[in-house]
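>>> could you work out the structure for the sequence below:
(chains A and B)
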Amino acid sequence: MPIPLLSITPEPLDVHEVVRLAEDAAGAGRHGAIAIFVGNVRGENRGRRVLELHYEAYEPLAVKAFGLIAEEARQAWPEVALAVRHRVGTVSVGEASIVIAAASPHRAEAFQACRYVIERVKQIAPVWKRETFDGGEEWIEGATADPSDAAARQAAYERACG
Amino acid sequence: MRITILVFARLRDLVGTPQLERDVAAGATVEDVWAALAREFPAAAPHRAALSAAVNAAYAKFSTPVAAGDEVAFLPPVSGG
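Residues are numbered from 1 along each chain as shown, chains lettered A, B, ... in the order given. Sure thing, here's the model as predicted:
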């Protein structure tokens, strides 16, 4: 069974495996540039010491969201091949919660697409984190997920190209 | 008609379980499903403005009609990445 390009996993993330997936998706000789984003758990947030994060996802919709985001990226950067893996469950400080690899013939598109994908994941992917900090725990809430919000999509694009 | 309701993160904590089976009237929309849930769990009611919804693991609007057997999910503001 082929390993999916866009996935959710409870296992620790392997950056090189995600890179290989993007390279394979780009095709031999078509990945002159790979841009990688690794999101790690920070040891402090809003002035307090973070002990760990617990991630949960609505997995079937999250995988669809990654697909939607990849399709948006394909429209903007047709030569970029993407692989995305997001971890769920308890993630310790210093460990990766998400890895995005963008493979492309040239670096500019790879960097832009990679940035676009993380911005859109944060806007619309149904994934949530609960922070355990020194003194308690709290759900972290960001954006109201709305894939049809054109202004949010444009903001992600502008950050990617900024 | 019987449907399945999924709630996540803070909303799941408020409701106390990730999944419920409930009966709603024929012709009900996602908004109607939410209204019934908010009546049953009043602590969840103030969260309505920030929620998104999905039906059968596809993004949906609150005006979307639901059918028997559907899986209706309510999504608090997301924080992935």
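>>> which SS state does B:A26 fall under?
Of the three states, B:A26 takes coil under DSSP: H, G, I helix; E, B strand; the rest coil.
>>> what about A:K129, is that helix, strand or coil?
When classified by three-state DSSP, A:K129 comes out as strand.
>>> can you tell me who it pairs with across the strands?
A:K129 has these beta-bridge partners by DSSP bridges: A:Y55, A:I140.
>>> roughly how far apart are it and A:E119?
17 Å (CB to CB, to the nearest Å). Glycine gets a C-beta too; all of them are placed from N, C-alpha and C.
>>> with B:E21 instead?
37 Å.
>>> who has more neighbours, those two?
A:E119 (20 against 8; other CB atoms under 10 Å in any protein chain shown).
>>> what strand or helix carries the residue lying closest to that one once chain neighbours are set aside?
In this structure, A:E119 finds its nearest non-sequential neighbour in A:A156, 3.7 Å apart by CB to CB, 6 or more residues apart in numbering or on different chains. In the assignment (DSSP states H and E), A:A156 maps to helix A:150-161.
>>> hmm, who's touching that helix?
A:E72, A:A76, A:Q112, A:A113, A:R115, A:Y116, A:E119, A:R120, A:Q123, A:I124, A:A143, A:D146 (CB atoms under 8 Å, 6 or more residues apart in numbering or on different chains).
>>> just say helix, strand or coil for the first one.
It refers to A:E72. Assigned state for A:E72: helix (three-state reduction, three-state DSSP).
>>> what does the last one give?
For A:D146, the secondary-structure state derived from three-state DSSP is coil.
>>> is there a quick PyMOL command that grabs whichever of the contacts of helix A:150-161 are buried?
Only the buried entries of these go into this PyMOL selection, using 16 or more other CB atoms under 10 Å in any protein chain shown:
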select buried, chain A and resi 72+112+113+115+116+119+120+123+124+143
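>>> for the contacts of helix A:150-161, give me CSV that also has secondary structure.
CSV is the format used below for these (three-state DSSP):
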residue, secondary structure
A:E72, helix
A:A76, helix
A:Q112, helix
A:A113, helix
A:R115, helix
A:Y116, helix
A:E119, helix
A:R120, helix
A:Q123, helix
A:I124, helix
A:A143, strand
A:D146, coil
